[in-house]
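Engineer: Please find the sequence and the predicted model below.
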Amino acid sequence: MSGKQTDLSIEALEAKYNDITVLFDQAEELVATVESKFVQDQEQQLAIVEPLINEIGDAADVLSEEFVLIAESKKGKPNKASKSRIEAALRKVYVAISDYNLRVNKIAGKTNATLRNIADPIVAKIQRQVEQVVVIFMEFIQVSLHNIMNKAEAEALRVRDVRVAMMMHQHALSQQQ
């Protein structure tokens, strides 16, 4: 499933690196929700977002380190440990987002409100950014979407991003040969 790009310019690599490190900024946006004037119970809000903030920060550290190794590699192929670290970091973010949604649902109860928590739009933005990061790594190494996210998330990503659909199709074709 990888396009294995190796001939990118320094600027293109820096842009991809910045797409990964923007996760740090988005984690800071979640921190800001705790201190928002729209939050009635700051302790409860912290309990809702803190685990996600921690996982995003940890994952962004790992992913930015691994991307630097990929960018520095002449072949564009990190060692096996890098692939497993990348997949684990991405998986932890997906699990943390799912856990965040469970915490919000538990607190929000059965309300049909579109916005259940002030952090929901930020979490949605983080999820789209993480999808972009997944695509970045797919361009360089053969990461397994099924090791990173559940089947529904993988299908949603495939539908939203034509590059992912093409990579998945190429992978399926290579499996048939």
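Structural biologist: Sure thing, it's come through.

Engineer: going forward, measure contacts between C-alpha atoms and count neighbours the same way
Structural biologist: Noted.

Engineer: State the pLDDT value of residue 115.
Structural biologist: For residue 115, the model assigns a pLDDT of 59.

Engineer: what do you get for the one 4 residues further on?
Structural biologist: At residue 119 the predicted local distance difference test score is 94.

Engineer: Checking residue 142 next. Helix, strand or coil?
Structural biologist: Taking DSSP: H, G, I helix; E, B strand; the rest coil as the rule, one finds residue 142 in the coil state.

Engineer: so residue 29 makes contact with residue 122?
Structural biologist: Yes. At 7.1 Å, residue 29 and residue 122 qualify as touching, with contact defined as Cα atoms under 8 Å.

Engineer: and the gap between the residue nearest the centre of the chain and residue 66?
Structural biologist: Central residue of the chain (Cα atoms, centre = their mean): residue 130, 2.3 Å from the mean position. Here the criterion is Cα to Cα, to the nearest Å. By it, residue 130 lies 15 Å from residue 66.

Engineer: again, but for residue 135
Structural biologist: Relative to residue 66, and taking Cα to Cα, residue 135 is found at 14 Å.

Engineer: Report the contact partners of residue 51.
Structural biologist: 96, 100 (Cα atoms under 8 Å, 6 or more residues apart in numbering).

Engineer: Quickly find the element holding it.
Structural biologist: Element membership of residue 51, judged by DSSP states H and E, is helix 42-72.

Engineer: what's around the residue nearest to residue 45 when sequence neighbours are not counted, how many residues?
Structural biologist: Closest residue to residue 45 apart from its sequence neighbours, by Cα to Cα, 6 or more residues apart in numbering: residue 34 at 5.5 Å. Per other Cα atoms under 10 Å, the neighbour tally for residue 34 reads 23.

Engineer: I figured residue 34 hits residue 42, correct?
Structural biologist: Yes. Using Cα under 8 Å, residue 34 is in contact with residue 42, at 5.3 Å.

Engineer: quick one, strands of the chain?
Structural biologist: Assigned by DSSP state E, the chain shows no strands.

Engineer: Output the below-cut-off pLDDT ranges for it.
Structural biologist: Flagging of the chain using pLDDT under 70 yields the residue ranges 1-7, 74-81, 110-115, 171-172, 175, 177.

Engineer: Go again with 80.
Structural biologist: Along the chain, the model assigns pLDDT under 80 to residues 1-8, 73-81, 108-116, 161-177.

Engineer: residue boundaries of the helices in it?
Structural biologist: Taking DSSP state H, the helices of the chain run over residues 10-34, 42-72, 80-108, 120-138, 145-148, 151-160, 162-176.

Engineer: Could you check the angle the longest one makes with helix 120-138?
Structural biologist: With axes from the mean of the first three to the mean of the last three Cα atoms, to 10 degrees as the basis, helix 42-72 and helix 120-138 are set at 20 degrees to each other.
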